[in-house]
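A.B. asks: Can you look at this prediction? I've put the sequence above it.
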Amino acid sequence: MKALNRMALITAVLFTFGAASAVAADLPKIGIVNFQKVLATSSPGKIAKAEINKKGKEMEESLKARGSELEELKKTIEREALVMSKEKRDEKEREFRIKVNDFKTLQAKYKETFKVLENRLVSKINKDVLELAQKIGKDNGYVLILEQNAAGVMYFPEALDITDKLIIEFNKSSVKAKQ
C-alpha cells in the first residue's frame, strides 16, 4: 500500500513538473517541511510538549503513589500472614488482588488519556501547519510543498527546506491567535 502511495506521489510530482514547465520556463518552486522540527522548535509545539509532559508527570506521580500503597499492603500481609486466621488472610489477599486490578485499570486509563491528549494536540498543530504551508505555497508561488518524513524524502538540497520560514510564520500566527 505504501509503495502504491509513493508511486502516486512520484507520478504527481512528475506531472506537476511537466505542467509547471509548460506554464513557465523557469524551474518550479518546491518546498520541504520537517514537521518534527516544527513540533520541537515552534512556540505552539513547545507549549504542547510542556502540557503533555505536565500531564504525564501528574499521571506518573499518581501511579507511583498507588504503587507504593500496594507495596506497603503486600508487606503488611506478608508480615502478618503467620498470625492471621486463614479467613482473615484470604480476605486481605482478596483486597490486595482487587487493588492490583484497580491499579492496572487506572494505568490503562492513564495510558489511553495520555495518548488521546497527545494526538489531540499534535493533530491541532498538524492542521495549523498544513493551513500555513498552503498559505505560504500560494503566496510565494510554490508548486509543491512536501513533508520531509511522510513523503519519504531521502535527499533534497537545503535550499528547498522552508521549515524555518514556516516556524517563524507559525510563531507569529500563534501570537496573533492568542491576542
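C.D. replies: Perfect, I can see it now.

A.B. asks: Helices of this protein, start to end?
C.D. replies: Assigned by DSSP state H, the helices in the chain fall at 2-23, 35-41, 43-80, 86-140, 163-178.

A.B. asks: The fourth one packs against which elements?
C.D. replies: So that's helix 86-140. Helix 86-140 sits against strand 29-33, helix 35-41, helix 43-80, strand 142-147, helix 163-178, with contacts defined as 3 or more CB pairs under 8 Å, 6 or more residues apart in numbering; DSSP states H and E. To be clear about C-beta, it is placed using only N, CA and C from the backbone, and glycine gets the same treatment.

A.B. asks: which regions of the chain sit below the pLDDT cut-off?
C.D. replies: In the predicted model, the chain carries pLDDT under 70 at residues 1-26.

A.B. asks: Which stretch among the helices and strands packed on helix 86-140 is buried most, on average?
C.D. replies: Among the helices and strands packed on helix 86-140, strand 29-33 has the highest mean neighbour count (mean count of other CB atoms under 10 Å), at a mean of 21.

A.B. asks: mind saving the C-alpha coords of that one as CSV?
C.D. replies: Coordinates of each C-alpha in strand 29-33 appear next as CSV, following Å, rounded to 0.1, in the frame of the first residue of the first chain:
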residue,chain,number,x,y,z
LYS,A,29,9.4,26.1,-6.8
ILE,A,30,9.3,23.2,-4.4
GLY,A,31,9.5,23.3,-0.6
ILE,A,32,10.2,20.7,2.0
VAL,A,33,9.0,21.0,5.6
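
A.B. asks: Please tell me I have it right and N34 contacts D164.
C.D. replies: No - between N34 and D164 there is no contact under CB atoms under 8 Å: 9.5 Å.

A.B. asks: Of the helices and strands packed on helix 86-140, give the one that comes closest to S123.
C.D. replies: helix 43-80 (10.3 Å; CB to CB).

A.B. asks: And the closest one, how far out from the chain middle?
C.D. replies: 21 Å (CA atoms, centre = their mean, to the nearest Å).

A.B. asks: from here on, count from 7
C.D. replies: Let's use 7 as the start, then, which means that last one is helix 49-86.
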